[in-house]
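A.B. asks: Curious how this folds, go ahead:
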Amino acid sequence: MPVLVITGTGTEVGKTITTAAVAATAVAAGRSVAVLKAAQTGVRPDEPGDAQEVARLAGPVTTAELARYPDPLAPATAARRAGRAPVRPQQIAEAAAKLAAEHDLVLVEGAGGLLVRFDEAGGTLADAAQLLAAPVLVVAPAGLGTLNTTDLTARELRSRELELLGVVIGSWPDTPDLASRCNLTDLPDVARAPLLGAVPAGAGALAPADFRAAAPGWLASRLDGVWDAEAFRGREGT
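C.D. replies: Next up is the predicted model:
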């Protein structure tokens, strides 16, 4: 798995913090890691973006960002409003392949959901994943409404014959409600893929050293961690 594409079921689902956890866990396992942010939106030139946040939390990783647009919008819309060239799926694939030649693992973080448009032709992260023939990790919220968006994302991946590696809950609440607890069982069922982790809410606020020490406990062995889905369900579920 030299390249792993990480997408969310939507915005603000914990995708960047999950990417940081995957990176930190891989680094702890002795792997060299690169993080590629395909298009950063809503951030000024002098502000750190998502790739820099991943590096801050995860430690020694290579970061790359193909484009940055000031408006907090879908990349295609943000590029158009800024009067700048969009990022196309072929560019994402080429950049990831180049990084993969020099690293054990390349994490390609998208923007929002799987089908958010990157260019005027409708190119998406799913198109880049197809060009790379790379597996996709889906980050989903814990609570009510997540089953629908996770199911839709998984169906789109299957329709494109892309591998859905699994699902990670991007922000597991300190006090989960009934829907969140039930979703520990239902999420892998609707996705037809394993639940590969649960990142605690607020994990991004941890000191970097504490984040790196804890990250393997949030992710399953498929992601180099030690998290166990059945034990977690037994402790947190219904």
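
A.B. asks: Find me the pLDDT at M1, would you?
C.D. replies: M1 is assigned a predicted lDDT (pLDDT) of 65.

A.B. asks: hang on, isn't V61 packed against K37?
C.D. replies: No - counting by C-beta atoms under 8 Å, V61 does not reach K37; the two are 11.8 Å apart. From N, CA and C alone the C-beta is placed, and that goes for glycine too.

A.B. asks: neighbour-wise, which of these two wins?
C.D. replies: Summary of the neighbour comparison: V61 and K37, criterion other C-beta atoms under 10 Å, with K37 having more neighbours (27 against 24).

A.B. asks: what's across from that one in the sheet?
C.D. replies: Under DSSP bridges, the beta-bridge partners of K37 are E65, E109.

A.B. asks: quick one, what contacts it?
C.D. replies: Contacts for K37 were tallied using C-beta atoms under 8 Å, 6 or more residues apart in numbering; they are 49-51, 63-66, 109.

A.B. asks: What of G59?
C.D. replies: Taking C-beta under 8 Å, 6+ apart as the contact definition, G59 lies against 23-24, 27, 208, 212.

A.B. asks: Generate a PyMOL selection restricted to the buried subset of those.
C.D. replies: Only the buried members of the contacts of G59 enter the following PyMOL selection, criterion being 16 or more other C-beta atoms under 10 Å:
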select buried, resi 23+24+27+212
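
A.B. asks: which of the contacts of G59 lies closest to G42?
C.D. replies: Minimum separation from G42 among these (C-beta to C-beta) is found for A23, which lies at 21.6 Å.

A.B. asks: Helices - which of the contacts of G59 land there?
C.D. replies: With helices taken from DSSP state H, the overlap with these comprises 23-24, 27, 208, 212.
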